[in-house]
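Chemist: Fold the following.
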Amino acid sequence: LATALDRGDGNIVVADVDWPRFAGTFTAQRPSALLSELPDARDLFDATPAEQDDTSDLARRLAGLDEAEQERHLTELVRSEAAAVLGHASADALPATRAFRELGFDSLTAVELRARLREATGLALPAAVVFDYPTPAALAAHLRVELGGADATPASSAPIVLQGVADEPIAIVSMACRFPGGVAGPEDLWDFLRAGGDAVTEFPADRGWDVEALYDPDP
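Modeler: This next block holds a predicted model:
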């Protein structure tokens, strides 16, 4: 601090940073040129989990299972760790094919899940792994490959389930068009939609445009 003050610079910042928490979150979507110049952050990025006899305990347990059982075991691991990050008592609320974003993950919780999975698997997972493999099933398939599997295709081919919101009202953000069905403005259009009106008509033969003026090369 004394050195910083003696330099006379006008933009000095002194901060007590929790680098494992901040740096991973800050670079979850993209690398940071700023953090790459800071020794504490750079050392964190370069660090890898300690190996255990070149093979993690999890990898040894999976070695005796077929691919389907390996994937089931890893999917349960991902769901359990994800549930712990989100504060759920169990993984029952986290379907294997539901997108992490749909489950409530953001950049911070994604980094926390990555950290827990690094500890559980011994793998040097990237900060954005939850976004690269967007469901527990997809992430489990990736972990199986990294732990010694041969095929990155999940054993279960079930599609990603995205749940829509059924009770969300219609929101008209902006408009630049002709209104249908005799509607004169946005308020009328809102009433028209709430009433369940049908404005589908035949394609108009004449929109009232001055076509000759529009396409006249010499106006």
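Chemist: Only C-alpha atoms from now on, for both contacts and neighbour counts.
Modeler: Noted.
Chemist: Tell me how far the residue positioned nearest the centre of the chain lies from A213.
Modeler: For the chain, the residue nearest the mean C-alpha position is F131 (4.2 Å; CA atoms, centre = their mean). Counting by CA to CA, to the nearest Å, the separation of F131 from A213 is 52 Å.
Chemist: before we move on, back to that, that's a helix at the residue nearest to the centre of the chain, yeah?
Modeler: Yes - with DSSP: H, G, I helix; E, B strand; the rest coil as the criterion, F131 is part of a helix.
Chemist: From R114, how far off is it?
Modeler: 10 Å.
Chemist: same deal with S36?
Modeler: Distance from S36 to R114, by CA to CA: 20 Å.
Chemist: Neighbour count: these two, which is higher?
Modeler: The neighbour count for S36 versus R114, taken as other CA atoms under 10 Å, is higher for R114 (24 against 14).
Chemist: which SSE is the more buried one in?
Modeler: helix 107-121 (DSSP states H and E).
Chemist: from the chain's centre, how far out does that helix sit?
Modeler: How far helix 107-121 lies from its chain's middle: 14 Å, per CA atoms, centre = their mean, to the nearest Å.
Chemist: Going by contacts, tell me the helices and strands next to it.
Modeler: Applying 3 or more CA pairs under 8 Å, 6 or more residues apart in numbering; DSSP states H and E, we find helix 107-121 packed against helix 19-26, helix 57-63, helix 67-86, helix 129-132.
Chemist: CA atoms only for that helix, dumped as CSV, please.
Modeler: The C-alpha coordinates for helix 107-121 follow below in CSV (Å, rounded to 0.1, in the frame of the first residue of the first chain):
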residue,chain,number,x,y,z
SER,A,107,-22.3,-17.8,-14.0
LEU,A,108,-21.6,-17.9,-10.2
THR,A,109,-23.4,-21.2,-9.5
ALA,A,110,-21.9,-22.7,-12.7
VAL,A,111,-18.4,-22.0,-11.4
GLU,A,112,-19.3,-23.5,-8.0
LEU,A,113,-20.6,-26.7,-9.7
ARG,A,114,-17.4,-26.9,-11.8
ALA,A,115,-15.3,-26.6,-8.6
ARG,A,116,-17.3,-29.4,-6.9
LEU,A,117,-17.0,-31.7,-9.9
ARG,A,118,-13.3,-31.0,-10.2
GLU,A,119,-12.9,-32.1,-6.6
ALA,A,120,-15.1,-35.2,-7.1
THR,A,121,-13.5,-36.3,-10.4
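Chemist: and the angle from it to helix 67-86?
Modeler: Angle, helix 107-121 to helix 67-86, by axes from the mean of the first three to the mean of the last three CA atoms, to 10 degrees: 130 degrees.
Chemist: Please render the helices and strands packed on helix 107-121 as JSON lines that adds distance to F179 and mean pLDDT to the earlier fields.
Modeler: Shown next, in JSON lines, are the helices and strands packed on helix 107-121 (distance: least, CA to CA, whole Å; pLDDT from 0 to 100):
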{"stretch": "helix 19-26", "distance to F179": "45", "mean pLDDT": "70"}
{"stretch": "helix 57-63", "distance to F179": "62", "mean pLDDT": "78"}
{"stretch": "helix 67-86", "distance to F179": "45", "mean pLDDT": "91"}
{"stretch": "helix 129-132", "distance to F179": "40", "mean pLDDT": "87"}
